[in-house]
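**Q** below is the sequence, then the predicted model.
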Amino acid sequence: MTRRRTRRPSKRQQQRDALLVGFVMVAAAVIGLVVMVVNWLLAHRWVLVVALVLAVLAGVGWLCNRQQQARWEAVRAQGLRYGLSQLDALHHSAFEEAIRDLMRRDGCRDAQRVGGGGDLGADVKATDPFGRRWVIQCKHRRSGARGSAVGTPDLQVLNGTARPVHGADVAVIVTNGRVTAPALAFAKQQRLYVVDRQTLGVWASNSRPLWELLRAVPPPRKPTALS
């Protein structure tokens, strides 16, 4: 009779078995260590009391710090002011951040800067307390009023993306420079809003929200305490 040969485990199976054995050993060591720590803590309960007190103090300190930061942020936002000379000196990205902060000051808590490559005509997005969605394109001029004027092509980009792409109720272009007459005419025709240097100066230097400075802004989407 032919003796049946016993099949030896494959190399992969041996590796799996070795890994399983290693895992069991590590798990056993961890469980043993946990049991030792628990037994030690039960024998020294004062350590648990001290750790609990420290954790409570740390939590209270963290909560107080967050509340203080929120108060500081609220005070800073309420008193936020910019002069035109300050805005002129900013980098274009910092100018966009300043516009975002002004919208937050006005009560748009979700205001965010989204400008950059591929922004599709939107540098700042915000929802005002009346539920209206604002999409803002920023055009910063380092030389201020002496810089190149914002023209119709800039308005055309905003007009092409603000409502169909970004869902804007209010589409705005903000500049610290000049705006050409054809661009202003195009903005009026397409129901776009232009914040030129003069309007920007008024908005940035006092606490009036932007929608109080613009004419014929769409009505609120929903009733709020402010409306």
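**A** All right, it came through fine.

**Q** mean confidence score for the helix or strand containing Q67?
**A** In the assignment (DSSP states H and E), Q67 maps to helix 45-78. The average pLDDT within helix 45-78 is 73.

**Q** oh, and call the first residue 50 from now on, that's how I've got it
**A** With the count now opening at 50, the last piece we talked about shows up as helix 94-127.

**Q** which helix or strand lies directly C-terminal to that helix?
**A** Sequence-wise, the next helix or strand downstream of helix 94-127 (DSSP H and E) is helix 133-137.

**Q** now that next one: buried residues?
**A** Within helix 133-137, the residues that count as buried by 16 or more other C-beta atoms under 10 Å are L133, L136, D137. No exception for glycine: its C-beta is placed from N, CA and C like everyone else's.

**Q** how far away from the center of its chain is it?
**A** Averaging C-alpha positions (C-alpha atoms, centre = their mean, to the nearest Å) puts helix 133-137 24 Å from its chain's average.

**Q** E145 versus R182, what's the distance?
**A** Per C-beta to C-beta, to the nearest Å, R182 is found 18 Å from E145.

**Q** check I80 too.
**A** From I80 across to E145, the span is 55 Å (C-beta to C-beta).

**Q** neighbour count winner among these two?
**A** Each of I80 and E145 has its neighbours counted (other C-beta atoms under 10 Å); E145 has more, 23 against 10.

**Q** save the buried residues of helix 133-137 as CSV, and put in pLDDT too.
**A** Formatted as CSV, those follow (pLDDT from 0 to 100):
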residue, pLDDT
L133, 93
L136, 95
D137, 94
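
**Q** closest one to V102 out of the residues you listed, please.
**A** L136 (50.6 Å; C-beta to C-beta).

**Q** tell me the phi and psi of the nearest residue to that closest one once chain neighbours are set aside?
**A** Closest residue to L136 apart from its sequence neighbours, by C-beta to C-beta, 6 or more residues apart in numbering: N225 at 5.0 Å. Phi and psi for N225, reported as degrees, to the nearest 10, are phi -90, psi 10.

**Q** report the contact partners of N225.
**A** L133, L136, D137, F144, H189, R190, G193, R246, L249 (C-beta atoms under 8 Å, 6 or more residues apart in numbering).

**Q** number of nearby residues for the residue nearest to the third one when sequence neighbours are not counted?
**A** Looking back up the chat, that one is D137. Spatial nearest neighbour of D137, excluding adjacent residues (C-beta to C-beta, 6+ apart): G193 at 4.5 Å. The burial count assigned to G193 is 17, neighbours taken as other C-beta under 10 Å.
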